[in-house]
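S.K.: pasting the sequence and the predicted model now:
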Amino acid sequence: MRIARILCVFICCVSLAACTPTTAVNGSDDGLSSSGSATRGGQVSARHPAWDLPLEGEFVDMKLYGAAIDSAVRKCMEDAGLGYPVEKLDLVRGGTTETRSELGYRILTESTAKRYGYRDSPDPRVVEEREVMFERAGASYTAQFDNCSSRSIDVVPDLAGPGNVILALDAESREIASSDPNVQAASGRWRTCMVDAFPGLEIDGLPDDFASRYLSQELNNAAPVEPSEEEVAIAVQDVGCRGLTEFDQIYYEKVEDAQRRLITENRSELNDVRQEIERIQAAIDAFVEKDDVAVVRRP
């Protein structure tokens, strides 16, 4: 099924990233940008260092990947005389969600913390949400959808194989960086900074570990869609403490170093992966160019 195809890659991305998931494949610079975290002086880099990690340039835009699959499923359903609603995207708006990189790195800046706390921002390209109709769909419709979803792989190649290779290397690079003594020391300074501001706050592990646990607890407590004042205050302080302790700069330098080494060590396998990614990218490009139902065209 189309949903299973998307969720397989996304769930792997989140789990391999220890819960820490541009148009299509981005080229990455050789250098690492300065940290996107804020200091108490209010200085914020225009570009978060996660976007410049080498493996980010190996992946695809998951929103457009899913939209391309939807496009193929919709055509198959229409050929069978059935409707299939899809999202409408305005690609002129550009950009993706402000709070996650394609590989699932948390993009936390003073601006995003004030607006979203630790939550993910909406994708600015979505101008019309998909109509949910499976709750009222009959067995025959569901069977045809399953058939069309399975056949969509002939139009949009499956990302799970090559995608999970990249995600596994990314997960290994995170583990290497997380165990680095300099990262551990910076994390300790960050925890001290946070507890000084919020006495009694239970914090352990790295900053993104805390962010994920805090948000999970908020959601389990049936928190509203909008972040609470407390969540925003903690997230903003988190940004400030990352800046003061230089955690993001130290951590992402170690992740980048590890990724470059892993890319070199796995060059042969990655060459095969890149060929598969190029095929997927070609399908995404064809969708973007030709689908006037899902893509808003400006005059």
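M.R.: Structure received.
S.K.: packing partners for whichever helix or strand Gly188 is part of?
M.R.: Following DSSP states H and E, one finds Gly188 within helix 181-197. Under the contact definition 3 or more Cβ pairs under 8 Å, 6 or more residues apart in numbering; DSSP states H and E, helix 181-197 sits against helix 207-220, helix 229-245, helix 247-265. From N, CA and C alone the C-beta is placed, and that goes for glycine too.
S.K.: same list (the ones you listed) but as JSON lines, adding mean pLDDT, distance to Phe287 and mean neighbour count.
M.R.: As requested, these are arranged in JSON lines below (pLDDT from 0 to 100; distance: least, Cβ to Cβ, whole Å; neighbours: other Cβ atoms under 10 Å):
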{"stretch": "helix 207-220", "mean pLDDT": "88", "distance to Phe287": "32", "mean neighbour count": "17"}
{"stretch": "helix 229-245", "mean pLDDT": "96", "distance to Phe287": "35", "mean neighbour count": "20"}
{"stretch": "helix 247-265", "mean pLDDT": "97", "distance to Phe287": "28", "mean neighbour count": "20"}
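S.K.: turn the ones you listed into CSV, including distance to Glu278.
M.R.: Below are the helices and strands packed on helix 181-197 laid out as CSV (distance: least, Cβ to Cβ, whole Å):
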stretch, distance to Glu278
helix 207-220, 31
helix 229-245, 36
helix 247-265, 17
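S.K.: Gln184 is nearest to which of those?
M.R.: Nearest to Gln184 among these is helix 247-265; the distance by Cβ to Cβ comes to 9.9 Å.
S.K.: point out where this structure drops to low pLDDT.
M.R.: In the predicted model, the chain carries pLDDT under 70 at residues 1-46, 94, 132-136, 221-224, 299.
S.K.: so the residue lying farthest from the centre of it, which of the three states?
M.R.: Distance from the C-alpha centroid of the chain peaks at Gly81, with 35.1 Å (Cα atoms, centre = their mean). Three-state call for Gly81 (DSSP: H, G, I helix; E, B strand; the rest coil): coil.
S.K.: over to the one 4 residues further on?
M.R.: Reducing the assignment at Pro85 to three states with three-state DSSP gives coil.
S.K.: start at 35, not 1
M.R.: New numbering, starting at 35: the last item is Pro119.
S.K.: for Tyr152, what are its contacts?
M.R.: Each residue near Tyr152 by Cβ atoms under 8 Å, 6 or more residues apart in numbering is listed here: 140, 142, 245-246, 248-249, 252, 261, 265, 269.
S.K.: can I get those in JSON lines including distance to Ile103?
M.R.: Below are those laid out as JSON lines (distance: Cβ to Cβ, whole Å):
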{"residue": "Arg140", "distance to Ile103": "26"}
{"residue": "Leu142", "distance to Ile103": "30"}
{"residue": "Ala245", "distance to Ile103": "30"}
{"residue": "Ser246", "distance to Ile103": "28"}
{"residue": "Tyr248", "distance to Ile103": "33"}
{"residue": "Leu249", "distance to Ile103": "28"}
{"residue": "Glu252", "distance to Ile103": "32"}
{"residue": "Pro261", "distance to Ile103": "31"}
{"residue": "Glu265", "distance to Ile103": "34"}
{"residue": "Ala269", "distance to Ile103": "33"}
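S.K.: strands of the stretch 85-234 of the chain, residue ranges please.
M.R.: Using DSSP state E, counting those that start in this stretch, the strands found in the stretch 85-234 of the chain span residues 122-123, 160-162.
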